[in-house]
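[1] Predicted model follows, preceded by the sequence.
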Amino acid sequence: MSVQMSSGSSVIASTSTRARRLTLAEISEIEHEMTLYPDKQAVGLEALKIVQKHQGWVSDESLLAIAKYLDLPASDLEGVATFFNLVFRQPVGRNVILFCNSVSCWIMGCDDLRMHIKDTLGIDFGQTSADGEFTLIPVPCLGDCDKAPVMMVGEKMQRKLTRDTIDEIVAQVRA
Amino acid sequence: MTDRPLTRNIDLNRGPLDIAGYEAADGYQSMHAIAKGLSPDDVLDIVKNSGLKGRGGAGFPTGLKWSFVPRGEGSPRQKYLVVNADEMEPGTFKDRLLMEGDPHLLIDGMLVAAYAIQANMAYIFLRGEYIDAENALKKAVKEAYERGFLGKNILGTGFDLDIVLHTSAGRYICGEETALLNALEGKRANPRAKPPFPQVSGLWGKPTIVNNVETLCNLPGILAYGVDWYQGLSLGVDHGTKIFGVSGKVKNPGCWELPLGTPVRELLEGHAGGMRDGLELRAFLPGGGSTDFMLPEHLNLNLDYDEIGKAGSRLATGTMIVLDDQTCPVGMVGNLMTFFAHESCGFCTPCRDGLPWVDEIFKGFEAGTGNEKDLAILHDHVEYLGPGRTFCALAPGATAPLGSGLKFFAEDFEKHISEACCPYKH
């Protein structure tokens, strides 16, 4: 997803035209994906996810490294990277909050929780908290609508959210 | 035998059954039935006769869809089965339950489908956020390989099947089956032109069936217990059971496996406990964000594909979103328009430019700057973004709540104009 940095710090994280070196762990996982798909283009998207898992995000240097390794046009790979919202082309915080703002969560009051996060963490959609701990990103319906409002913090689902439970989750992550 | 074939093994107080537990509960009987001498054509006939309709939203007959795949001698050797596990329709929360609760049921169903179309390779296209489902499926796939239900020469039938669990990188449009195939091929997930249909030329140009998770979960029961049993499950004209859900301000939101043909009222007032105290039912979307609003007068209808269709909406995913009388209906439609505008893939002009325009107008209504001209533009867009005007079904899906919302909540739209604010915020 194109994560916009908070206003005033609209930094383009990297403008390098040089590929970095992929790590051995990254290469071994990319090679494993090669056995699951019949062509390299399909592996390209997998490789973006692999690199993000290891690096937290996909920098220009990483994208170029994947393009080089798989012999794919960098422009094609960039087209793919920018299409999918779970591929981060800018740095994110240590914990990405995927915040559901679809219709059931909206009925159950997610707008108020978004305001609460803005008030307490100082971040709105696309922004990262000053301490680098949280990035807030809206996400389509997380499919837990009977427990709305919900969000994910990292890999964990958080359900039936209130202002208080959000405070608790934030405190736990920071502890 | 069971009257809840989809959820009978699901107990959220424990983890899903492992393969031994699943087999002990009549699991993988479908593959044993095939091993006893059912041909792919036999399986196709059984599924056709069962009357199973796709549970992903469109309600297309599953056997008929399969029958478009080239068969027999001379058909392409490589075919694919793809599971659409990219559940992202707003207000839909059924496939998550099935995959987290009973992952072997899905694999069991995949075996039936793959055998019927003679696909030796299957991909599960799982949405990236479904981490718990991913973990459950990973474990189940591993167990199925170890027990010989996946891999080469399954139960001595000569049939081979490999499953790859693919986790997606996001975007609602991937639920559209041709966009899903592009995503699986590592491309931008723009939908493809049809024809050719995926059944003939799909993943990497090979014949491909894309089936929804819940659709596939219906198959093991049909093979194990037969068509008569399956048709006896439902109360109405459509066959089998379905996961129905209710979200919104009801007393007991949740999802339940119920016979098709169950009255809407029984779902909403019985299982979901009716509205919370102090709230009245205003309207509901019967099957996710891409369906037309229905009204309290529709409560006596039955949850059948045709019956809901005749009332002007769609059963679609069967997960109902309830609007109460103290939540702003204009705000609710506006939320859906924000969603659809955000999720447009950007490929065709009406959708890419029309939906953000609609979304902006709703934001204007919310801010109190909406006027009659805006309202006319919204009405126009119901037509401009409707079926046949766009490349895929995303924007037409958006016109379902938009068009029905404009019709049923006309007074509320007018109040936003005359009072120059949202009347529900005071």
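    Received the coordinates, thanks.
[2] average model confidence for stretch B:293-302?
    Mean pLDDT, stretch B:293-302: 97.
[3] domain assignment for chain B?
    According to automatic domain parsing, chain B comprises the domains B:19-232, B:241-324, B:329-425.
[4] make that chain A, sorry
    Split by automatic domain parsing, chain A gives A:1-91, A:95-174.
[5] Just put the domains of chain B in JSON lines and tack on mean neighbour count and distance to chain A.
    To be clear about C-beta, it is placed using only N, CA and C from the backbone, and glycine gets the same treatment. Formatted as JSON lines, the domains of chain B follow (neighbours: other CB atoms under 10 Å in any protein chain shown; distance: least, CB to the nearest CB, whole Å):
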{"stretch": "domain B:19-232", "mean neighbour count": "21", "distance to chain A": "4"}
{"stretch": "domain B:241-324", "mean neighbour count": "21", "distance to chain A": "4"}
{"stretch": "domain B:329-425", "mean neighbour count": "19", "distance to chain A": "4"}
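[6] Let's have these in CSV, adding distance to A:Lys68.
    As requested, these are exported to CSV (distance: least, CB to CB, whole Å):
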stretch, distance to A:Lys68
domain B:19-232, 16
domain B:241-324, 41
domain B:329-425, 28
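[7] residue boundaries of the helices in the stretch 51-200 of chain B?
    Assigned by DSSP state H, counting those that start in this stretch, the helices in the stretch 51-200 of chain B fall at B:62-67, B:95-101, B:103-117, B:131-146, B:177-184.
[8] want to try JSON lines for the ones you listed, with mean pLDDT as columns?
    What follows is the helices of the stretch 51-200 of chain B, written out as JSON lines (pLDDT from 0 to 100):
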{"stretch": "helix B:62-67", "mean pLDDT": "97"}
{"stretch": "helix B:95-101", "mean pLDDT": "97"}
{"stretch": "helix B:103-117", "mean pLDDT": "98"}
{"stretch": "helix B:131-146", "mean pLDDT": "98"}
{"stretch": "helix B:177-184", "mean pLDDT": "97"}
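[9] among these, which is nearest B:Lys79?
    Among the helices of the stretch 51-200 of chain B, the nearest to B:Lys79 by CB to CB is helix B:103-117 (5.7 Å).
[10] Also compute the angle for the closest one relative to helix B:131-146, please.
    Taking axes from the mean of the first three to the mean of the last three CA atoms, to 10 degrees, one finds helix B:103-117 and helix B:131-146 inclined to each other by 60 degrees.
[11] just to revisit the earlier point, pick the most buried one from the domains of chain A.
    domain A:95-174 (a mean of 19; mean count of other CB atoms under 10 Å in any protein chain shown).
[12] any idea of the mean pLDDT in the helix or strand harbouring B:Trp229?
    In the assignment (DSSP states H and E), B:Trp229 maps to helix B:227-232. Helix B:227-232 comes out with an average pLDDT of 96.
[13] now the strands for chain B?
    B:80-85, B:121-126, B:162-167, B:208-212, B:241-248, B:254-259, B:281-285, B:319-324 (DSSP state E).
[14] okay, those in JSON lines with mean pLDDT next?
    Listed next are these as JSON lines, based on pLDDT from 0 to 100:
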{"stretch": "strand B:80-85", "mean pLDDT": "98"}
{"stretch": "strand B:121-126", "mean pLDDT": "98"}
{"stretch": "strand B:162-167", "mean pLDDT": "98"}
{"stretch": "strand B:208-212", "mean pLDDT": "98"}
{"stretch": "strand B:241-248", "mean pLDDT": "97"}
{"stretch": "strand B:254-259", "mean pLDDT": "97"}
{"stretch": "strand B:281-285", "mean pLDDT": "98"}
{"stretch": "strand B:319-324", "mean pLDDT": "98"}
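[15] low pLDDT regions in chain A?
    Chain A contains residues with pLDDT under 70 at A:1-16.
[16] What's the biggest helix in it, counting residues?
    helix A:40-55 (DSSP state H).
[17] could you give the angle of the helix or strand following that one to helix A:40-55?
    Per DSSP H and E, the first helix or strand lying C-terminal to helix A:40-55 is helix A:60-70. For helix A:60-70 against helix A:40-55, the angle by the same axes, to 10 degrees is 140 degrees.
[18] Name the nearest residue to B:Gly334, sequence neighbours excluded.
    With CB to CB, 6 or more residues apart in numbering or on different chains as the criterion, B:Gly334 has its nearest non-adjacent residue at 3.4 Å, and that residue is B:Phe362.
[19] What residues does the one you found make contact with?
    B:330, B:333-334, B:337-338 (CB atoms under 8 Å, 6 or more residues apart in numbering or on different chains).
[20] let's see 10 Å
    Going by CB atoms under 10 Å, 6 or more residues apart in numbering or on different chains, B:Phe362 touches B:330-331, B:333-338, B:341, B:370, B:374, B:378, B:402, B:413, B:416.
[21] now do B:Asn335
    A:101-107, A:110-111, B:90, B:289, B:328, B:359, B:362, B:401.
[22] and if we set it to 6 Å?
    A:103, A:106 (CB atoms under 6 Å, 6 or more residues apart in numbering or on different chains).
[23] B:Asp359 versus that one, what's the distance?
    Look at B:Asn335 and B:Asp359: by CB to CB, to the nearest Å, they are 10 Å apart.
[24] Over to B:Lys53?
    33 Å.
[25] Then B:Ala136?
    36 Å.
[26] again with A:Gln41
    For A:Gln41 relative to B:Asp359 (CB to CB), the value is 33 Å.
[27] Repeat that for B:His416.
    15 Å.
[28] Helices of chain A, residue ranges please.
    Using DSSP H, helices in chain A cover A:24-34, A:40-55, A:60-70, A:74-83, A:103-107, A:110-121, A:163-174.
[29] re the thing from before, so which elements touch the helix holding B:Trp229?
    helix B:40-50 (3 or more CB pairs under 6 Å, 6 or more residues apart in numbering or on different chains; DSSP states H and E).
[30] quick check, distance from the helix it packs on to the centre of its chain.
    22 Å (CA atoms, centre = their mean, to the nearest Å).
[31] Out of the helices of chain A, which is closest to B:Gly386?
    helix A:103-107 (20.5 Å).
[32] what about that closest one, distance to the chain center?
    Using CA atoms, centre = their mean, the offset of helix A:103-107 from its chain centre is 22 Å.
[33] if you look at that helix, does any of it touch chain B?
    Yes - applying CB under 6 Å from any CB of the partner chain, one finds helix A:103-107 touching chain B at A:103-104, A:106-107.
[34] excluding its backbone neighbours, what's nearest B:Gly57?
    B:Ala316 (4.5 Å).
[35] Isn't that neighbour up against B:Gly289?
    No - counting by CB atoms under 6 Å, B:Gly289 is not a contact partner of B:Ala316; they are 9.2 Å apart.
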